[in-house]
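Q: I'd like to go over a predicted model; first the sequence, then the structure.
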Amino acid sequence: MKTNVGNLDRIVRVALGLGLLAYALRIGFPNTGWNWVGWIGVMPILTALIGVCPAYTLIGFKTGG
């Protein structure tokens with residue numbers, strides 16, 4: 001697969017993903033009952049690591065590669 005996620009986009013995705021995971025694991029965040037939503041942070045981290053975003057592929061958008 002051809003990459004469609006650029007370097008700046010990858011950095012933003014990793015930062016966002018880590019923030020969401022910290023929320024899920026309650027690292028610096030209170031237990032709200034909605035912390036499970038933070039597990040969505042796995043997706044931006046994975047797309048940053050592999051360099052391919054399925055949503056970008058569907059709409060024909062790319063920030064790099």
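A: That came in fine, so what should we check first?
Q: How much space separates the closest residue to Leu8 other than its chain neighbours from Gly33?
A: Leaving aside its sequence neighbours, Leu8 sits nearest to Thr63 (Cβ to Cβ, 6 or more residues apart in numbering; 7.2 Å). Placement of C-beta: from N, CA and C, glycine included. Thr63 sits 35 Å away from Gly33, going by Cβ to Cβ, to the nearest Å.
Q: For these two, indicate the residue with more neighbours.
A: Thr63 (15 against 7; other Cβ atoms under 10 Å).
Q: My read is that that one contacts Gly6, right?
A: Yes: using Cβ atoms under 8 Å, Thr63 is in contact with Gly6, at 3.8 Å.
Q: Residues contacting the longest helix belonging to the chain, please?
A: The helix that spans the most residues within the chain, counting by DSSP state H, is helix 7-24. Helix 7-24 has contacts (Cβ atoms under 8 Å, 6 or more residues apart in numbering) with 5, 28-29, 35-45, 47-48, 51, 63-64.
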